[in-house]
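Participant: sequence unavailable; structure follows:
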């Protein structure tokens with residue numbers, strides 16, 4: 001597995017980051033530990049978690065269970081060179097009592113709770129799962145309305161969180177602050193405040209990105225390129241749609257769609273036509289569609305690496321086999337043509 005420096009940090013991470021959001025619900029602890037072993041042996045040294053995980057469904061009573069499962073693996077294996085990212089839950093989540101928003105006080109207590117569950121001394125990358133002010137992510141772009149936002153309150157909140165991050169870094173509890181489900185305007189203001197006030201610079205942004213979800217490609221890609229802020233691309237397989245397993249509008253037993261029928265809003269009137277087009281490209285060029293979809297993210301102009309996740313260790317084994325697949329210029333051209341024909345399908 002190839003490795004790279006992550007943004008402006010000294011962190012050396014694998015091209016693939018292992019997502020863990022099903023650990024503790026769909027994925028039991030034994031198989032989660034098999035996945036962690038398998039990924040680490042394949043050269044994946046980068047894990048992504050969150051205090052609200054596991055998902056499907058997200059519940060207050062299960063929040064933190066994923067981190068606990070990872071923590072027991074870390075305590076048993078003591079892996080060298082591991083880079084751990086996790087997240088504080090944004091406002092309105094049922095994984096936090098009363099859906100509390102992100103504040104400095106809640107961030108400090110959330111960091112300390114994650115450290116205990118993960119059984120580590122420092123979190124390498126600590127991410128804000130989504131902004132308090134809301135965002136257009138999670139299929140909210142169709143009705144996005146920023147007119148209720150208060151610029152001064154947002155900037156004051158950013159300053160509060162950056163100041164808290166400064167203290168947590170000084171105490172050795174986190175190494176870097178990062179964002180998730182952010183916009184270009186948000187990223188620019190986080191960076192400007194950090195530079196003007198001598199506060200920690202955000203390291204990365206984690207947003208959804210796949211052949212079916214390419215809103216990142218415009219203003220945010222420009223910002224990330226110019227500021228060397230990598231994108232951690234979650235759902236590069238579009239919640240399984242790009243594997244082809246839901247083609248024909250079917251729901252396989254034990255799949256995510258069995259628990260979440262519209263895949264969080266991803267099942268739309270055009271999605272299966274778009275999926276069919278990408279499956280045809282993979283077939284034409286003799287590629288596995290899973291490998292094509294994941295490896296494509298690594299070809300993008302802005303610094304991007306995919307977060308791969310699997311319900312089972314067998315699925316993960318298949319994903320890892322694609323790490324050396326090359327996406328040729330001809331494949332990229334065919335993908336670009338398909339995107340022009342079927343843009344913004346969800």
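Facilitator: Cool, got the structure. It should be emphasised that the depicted structure is a prediction, and the values quoted were computed from it without experimental measurement.
Participant: got the phi and psi for the nearest residue to residue 252 once chain neighbours are set aside?
Facilitator: In this structure, residue 252 finds its nearest non-sequential neighbour in residue 245, 5.6 Å apart by CB to CB, 6 or more residues apart in numbering. Heads up, the C-betas are built off the backbone N, CA and C, glycines and all. Backbone torsions for residue 245, taken as degrees, to the nearest 10, come to phi -70, psi -20.
Participant: please report the distance of residue 245 from residue 148.
Facilitator: Going from residue 245 to residue 148 by CB to CB, to the nearest Å gives 39 Å.
Participant: between those two, tell me which one has more neighbours.
Facilitator: Remark: of residue 245 and residue 148, residue 245 carries more neighbours, 16 against 7, as counted by other CB atoms under 10 Å.
Participant: next, count neighbours for the closest residue to residue 343 other than its chain neighbours.
Facilitator: Nearest residue to residue 343 in three dimensions, chain neighbours excluded: residue 214, at 7.3 Å (CB to CB, 6+ apart). For residue 214, the count of nearby residues is 16 (other CB under 10 Å).
Participant: which residues touch residue 214?
Facilitator: Shown in contact with residue 214 (CB atoms under 8 Å, 6 or more residues apart in numbering): 339, 343, 344.
Participant: the last one sits in which helix or strand?
Facilitator: Assigned by DSSP states H and E, residue 344 belongs to no helix or strand.
Participant: spatially nearest residue to residue 174 (excluding sequence neighbours)?
Facilitator: Excluding the flanking residues, the one nearest residue 174 by CB to CB, 6+ apart is residue 126, at 4.2 Å.
Participant: quick check, the residue nearest to residue 252 in contact with residue 253.
Facilitator: No - the criterion here is CB atoms under 8 Å, and residue 245 misses it with residue 253 at 11.0 Å.
Participant: in this structure, which residue sits furthest out from the middle?
Facilitator: residue 284 (29.6 Å; CA atoms, centre = their mean).
Participant: buried residues of the helix or strand hosting residue 32, list them for me.
Facilitator: Using DSSP H and E, residue 32 maps to helix 29-41. If you call a residue buried by 16 or more other CB atoms under 10 Å, then helix 29-41 has these buried ones: 31, 32, 33, 34, 35, 36, 38, 39, 40.
Participant: redo those as CSV? Include pLDDT and distance to residue 257.
Facilitator: Shown next, in CSV, are these (pLDDT from 0 to 100; distance: CB to CB, whole Å):
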residue, pLDDT, distance to residue 257
31, 98, 20
32, 98, 21
33, 98, 26
34, 98, 24
35, 98, 21
36, 98, 25
38, 98, 25
39, 98, 24
40, 98, 29
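Participant: just the angle between the helix or strand in which residue 307 is found and helix 29-41, please?
Facilitator: Secondary-structure element containing residue 307, defined by DSSP H and E: strand 304-308. Put simply, strand 304-308 runs at 150 degrees to helix 29-41, going by axes from the mean of the first three to the mean of the last three CA atoms, to 10 degrees.
Participant: elements contacting strand 304-308?
Facilitator: Counting contacts by 3 or more CB pairs under 8 Å, 6 or more residues apart in numbering; DSSP states H and E, strand 304-308 packs against strand 17-19, strand 231-234, helix 289-297, helix 313-320.
Participant: now that strand against helix 313-320, angle please.
Facilitator: With the same axes, to 10 degrees defining the directions, strand 304-308 sits at 160 degrees from helix 313-320.
Participant: about what we covered before: show me what the helix or strand just after the helix holding residue 32 is packed against.
Facilitator: Remark: after helix 29-41, the chain's next helix or strand is strand 46-48, criterion DSSP H and E. Using 3+ CB pairs under 8 Å, 6+ apart, the elements in contact with strand 46-48 are strand 17-19, strand 83-88.
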